[in-house]
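Asks: give me a 3D structure for the following:
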Amino acid sequence: MATDIHKLIAAISPDTFCDPSVRSKVKSLVKTEGYLKAAEKAEVFKSDLLFDYDSARSDPMSKWGLKSPTESHKIVYDSMSENLEPLYFWILDFLNGMFSEVEKITDNFISSPGSGQFSELMGKATQMQQQASKLLGDSNTVLRSILNLLYDLKEFKLKLNDYDRANAENPQIKKSGLLSLKQSWMDNVDIKRGNSSVKVMSTQFDFVTLLPAFMSVNSVDEVKDLDLNNVVKNIVLQRIAEFLVWRKESESALRSRFEIEKKYLASQVNSLKLYARWIKPYLKAAKDLEQKESKNAALVSTFNTTILELTLLAKTDYSPEEDVDSGILPEVFKKIRARKYTPLVIIELNFRGMPQRVTQKGDYSYGGRTEIKFTSYALNDSELKVLNEELGKDDLKEVMRLIEGATTESLAEVQKDIDEFLEPSEKKEKKTKKTEDVNPFGALFSFLKKKEAPVEKEDLSAGIKSETEYEKVIRSQAILDAREKCFTIFDVYKKSHGMVSHTSPFEQI
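Replies: Below is the predicted model of the structure:
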């Protein structure tokens, strides 16, 4: 993840978490260039204010949480004999017990080129890339087949339109369809007769009435009513009979071919979707095995060194109703409409060590220097939605965009044409008739019934609307909850690992 998550949060919620010196500039950048660009200029607000959690929580109207909105703790662990895995899984298990949701948002690694692990990981990445490349080539072959099928089906549809018009009940539409079919028959079938075709014979003086006569009759019985000499009438009779047989047989064959090609198109579309599912794991694995560029001075080319970066985002729920029931907040907070606030704790693990092979299969153990940082925040549901979207844009969506561009987006370009042939041709019209109220009194007073207001989708792209005074109090309480949990993780970890700790590092208010 290229963007610093702390700066991104400051850009998403500048009034609470952004340093006042750059706050106005960050807000302006959000409106003009988006959150990721604003995050580059944002700075997290840091406060040295210390207070007791319980005392601050019992005084919500002072909004202690907004005065010092974040809390941060750091542990540095340096031991070549201690492995990274037990440390990571202890934190993960503890978070799962304390928080409702824990997700990994960063998982980066860098190995020095001279290490044995580098060549092994690059070998695995090459295998993934080769397999993905093969599947992409196969999917492109299927895509070309789909494009050719769509071209053929469009041609069939145009031809079948003439038959549909010729079978219509409206006399004018039927006449136009028959004329088109006769023209097609003369251009593709009768023309093969050469000088004896209808068109060529009509250029001769004795048969100048042949073409108009052929175009005017639609059945064998109508020929006898023509006011023409017998020679012309016999030719028209022979050609119209042949045309009627061709019309029946060609329509049957064309409709059959049309249905067969539609089924084949459906098969090819499903094959392409299947290839998309097969490709994704290989492309994702290749992306995960890519080394991130780094100018870290600890990464020396000939050293046996690995650097790992892990970031976890832990979320929990805060309910103002519980504070109301406890007598901390007044009853009005149960009735007001306010956004939901979520306490967060971000755990960052930065590891530098020497990978050591511990099994013959090639499994590695990691020992070295680990830096663990715990930071607390509290975001409302709108801010949390933006955070998830922006993290998605900046992280895994990079590889997903590659995958989608190779498969799904290619399919989306022609999806309209695909839907036209694969969906039922006759779509049921949605009935908009309202259910009648059989109760006469209900009908009489129907104007008193509440109308459902249309749900308006909030546009968060240019910033999030400001908080009400009630919401500021709720956020302050959620921040205090996040801060307390942040310290609890830090404190319990130190105690459980035999490190020096303390019961209460904060001064009373």
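Asks: so where is the chain shaky, pLDDT-wise?
Replies: 1-2, 111-120, 284-285, 287-304, 356-366, 393-414, 423-458, 502-509 (pLDDT under 70).
Asks: where's the closest residue to V189 other than its chain neighbours, which helix or strand?
Replies: Among residues not flanking V189 along the chain, W246 sits closest, at 6.0 Å (CB to CB, 6 or more residues apart in numbering). In short, each C-beta sits where N, CA and C put it, glycine included. Using DSSP states H and E, the element containing W246 is helix 230-288.
Asks: thought the residue nearest to V189 was touching W185?
Replies: Yes - the pair W246 / W185 is scored as a contact, 5.7 Å apart, by CB atoms under 8 Å.
Asks: what is the neighbour count of G498?
Replies: 7 (other CB atoms under 10 Å).
Asks: on the three-state scheme, it is what?
Replies: Following DSSP: H, G, I helix; E, B strand; the rest coil, G498 is assigned to coil.
Asks: distance of it relative to D93?
Replies: 18 Å (CB to CB, to the nearest Å).
Asks: same question for L179.
Replies: 79 Å.
Asks: can you check M128 too?
Replies: The value you get for M128 to D93, if CB to CB is used, is 30 Å.
Asks: tell me which of these two has more neighbours.
Replies: Taking other CB under 10 Å, M128 and D93 do not tie; M128 has more neighbours (19 against 11).
Asks: excluding its backbone neighbours, what's nearest that one?
Replies: Nearest residue to M128 in three dimensions, chain neighbours excluded: A286, at 4.0 Å (CB to CB, 6+ apart).
Asks: residues touching the one you found, list them.
Replies: Counting by CB atoms under 8 Å, 6 or more residues apart in numbering, A286 touches 125, 128-129, 132.
Asks: mind running it again at 6 Å?
Replies: By CB atoms under 6 Å, 6 or more residues apart in numbering, A286 lies in contact with 125, 128-129.
Asks: the nearest residue to A56 once chain neighbours are set aside: neighbour count?
Replies: The shortest distance from A56 to any non-neighbouring residue, by CB to CB, 6+ apart, is to W64 (3.8 Å). Using other CB under 10 Å, W64 has 23 other residues around it.
Asks: end-to-end on stretch 51-61?
Replies: For stretch 51-61, the first-to-last residue distance is 15 Å (CA to CA, to the nearest Å).
Asks: run the chain-centre distance for that stretch.
Replies: 42 Å (CA atoms, centre = their mean, to the nearest Å).
Asks: tell me the buried residues in it?
Replies: 51, 53, 56-57, 60 (16 or more other CB atoms under 10 Å).
Asks: with distance to S100 as added columns, please give these in JSON lines.
Replies: Compiled in JSON lines, those are given as follows (distance: CB to CB, whole Å):
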{"residue": "F51", "distance to S100": "26"}
{"residue": "Y53", "distance to S100": "20"}
{"residue": "A56", "distance to S100": "23"}
{"residue": "R57", "distance to S100": "20"}
{"residue": "P60", "distance to S100": "23"}
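Asks: of those, closest to S326?
Replies: R57 (9.2 Å; CB to CB).
Asks: does the closest one really touch D481, like I thought?
Replies: No - counting by CB atoms under 6 Å, R57 sits too far from D481 to count as a contact (8.1 Å).
Asks: let me know the helix or strand that H73 is in.
Replies: Per DSSP H and E: strand 72-83 holds H73.
Asks: mind listing what that strand pairs with, with the direction of each?
Replies: Neighbouring strands of strand 72-83 in its sheet, by DSSP bridges, are strand 364-380 (antiparallel).
Asks: can I see the domain layout of this structure?
Replies: Using automatic domain parsing, the domain parsing of the chain gives 1-46, 50-112+304-395+467-509, 132-278.
Asks: could you work out the end-to-end span of the last one for me?
Replies: The one in question is domain 132-278. Start and end residues of domain 132-278 are separated by 9 Å (CA to CA).
Asks: what of stretch 307-325?
Replies: 48 Å.
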